[in-house]
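K.L.:
Fold the stuff below for me.
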Amino acid sequence: LARGGAFKKIEPHFAGNCETLPLEASAEDIAIDRERGYAYLSYLDRQSIVKGSPTVQGTIMRVDLTKPTLLAEPALEGAPAFFRPHGLSLYVAPDGTRTLIAINHPAKRGTEPEAVAIFQETEPGRFALVDEVSSPLFNSPNDLAAVGPRQFYVANDKAAGGGLAGALQQVGIGASPLVYYDGSAARVVAGDIASGGGIDVSDDGRTLYVSETAGLRLRVLDRDPASGDVTEAARIPLGTSPDNVDVAADGSLTIGAHANTLALIRHFISGSPAPSQVLRVIPDNGDDNVAIDEIYLDDGSGISAGSGGFTYGNKLLIGSITARQVRVCEAT
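P.N.:
Okay, here's the model as predicted:
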């Protein structure tokens, strides 16, 4: 109960003002193009999927954050025949070429193969499907981090094989694989992640940040850009169940978290509100020099089941697993 946050006192706060951008689906993950001011939403009606709808399809939407009135617009010119996006990542090449890479879940998870869809930008803010790749190592992909036009890391949130191992992992026992796809093949680069809920990469491509949802911590990994290999640099205890990770313009991390995972489970079962939490983390060279600040907390009345916080200037965008909205906050 304590690990799940059942006893955490929820006192909603944010040092600024928040509004709701209503949607017809939820945005579990968001990728920010800070140079152009676009936010890309992993757009899927997950409420209907939780209720058992077999035909729900998703897409990627775009929000122009430079405009005074925010509006979600289609970002894709083409998508896989069946598209249920989850984790989403934007890669900007040195020449400015942009690639969006998204996890694509099948209709029958656990029996059909998981896939990753790769989209190339055709004009500013518009993308076309160029490829879709699969691997048995994408056993339960939750999020990914793009490090090239076809290169990415996949954070799985369950142990390979699922079953009892997957169930035990949800209470902090066991580990799931972190996988690197080098453009042609996938391999495990870290096998001891305690349920990978989110992942992002530093601007220089040399550091990976992986949220370990069941481990209540953030894993910091040094990355070799040439080989893709990683070595552990730090484990940062967060005292909550982290989800998506966003590396901000200043190098700090914005991490969505589930302050009460028992309330989150009830939310999936009955639709009752679940708290949304966002942390700002300034990592350093070790556990002793880390700054952690809870910048947003909500009992679920503002946005329920929040899955990530993403920054653009003084804006904070909060996505959700199921809520048909994005919470748009501005710091004062």
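
K.L.:
Next, count neighbours for I282.
P.N.:
14 (other C-beta atoms under 10 Å). For glycine as for every other residue, the C-beta is placed from the backbone atoms N, C-alpha and C.

K.L.:
Could you pull up the residues touching it?
P.N.:
Shown in contact with I282 (C-beta atoms under 8 Å, 6 or more residues apart in numbering): 251-253, 290-291.

K.L.:
Who wins on neighbours among the residues you listed?
P.N.:
L253 leads the contacts of I282 on contacts (other C-beta under 10 Å) with 26 neighbours.

K.L.:
hmm, back to that, out of the contacts of I282, the closest to A323 would be?
P.N.:
When the contacts of I282 are compared for distance to A323 (C-beta to C-beta), L253 wins out at 22.7 Å.

K.L.:
didn't the closest one look like it was pressed against P242?
P.N.:
No: look at L253 against P242 with C-beta atoms under 8 Å: they stay out of range, at 9.7 Å.

K.L.:
what do these two both touch?
P.N.:
Joint contacts of L253 and P242 (C-beta under 8 Å, 6+ apart) are 218, 279.

K.L.:
circling back to that earlier point, and the two most separated of the contacts of I282?
P.N.:
G251 and V290 (13.0 Å).

K.L.:
before we move on, what SS does R150 have?
P.N.:
At R150 the chain is in coil, as set by DSSP: H, G, I helix; E, B strand; the rest coil.

K.L.:
so where do the strands sit in the stretch 201-332 of the chain?
P.N.:
207-212, 217-223, 230-237, 241-247, 253-258, 276-282, 291-298, 306-312, 315-320, 325-331 (DSSP state E, counting those that start in this stretch).

K.L.:
Report the buried residues of the second one.
P.N.:
I take that to be strand 217-223. Under the neighbour-count criterion of 16 or more other C-beta atoms under 10 Å, strand 217-223 has 217-221, 223 buried.

K.L.:
between these, which is nearest C329?
P.N.:
C329 lies nearest to L218 out of the buried residues of strand 217-223, by C-beta to C-beta, at 22.1 Å.

K.L.:
Contacts only, for the closest one.
P.N.:
L218 touches 209-212, 235-236, 238, 242, 245, 253, 255, 281, 283, counting by C-beta under 8 Å, 6+ apart.

K.L.:
can you pick the most crowded of those?
P.N.:
Result: S211 is most packed of the contacts of L218 (other C-beta under 10 Å), 34 neighbours.

K.L.:
pretty sure that one contacts D246?
P.N.:
No: counting by C-beta under 8 Å, S211 sits too far from D246 to count as a contact (10.7 Å).

K.L.:
residues shared between the contacts of those two?
P.N.:
With C-beta under 8 Å, 6+ apart as the test, S211 and D246 both reach I255.

K.L.:
about what we covered before: with the buried residues of strand 217-223 in mind, which one is nearest to A159?
P.N.:
Minimum distance to A159 across the buried residues of strand 217-223 is 15.9 Å, recorded for R219 (C-beta to C-beta).

K.L.:
Could you give the bridge partners of that closest one?
P.N.:
V210, R235 (DSSP bridges).
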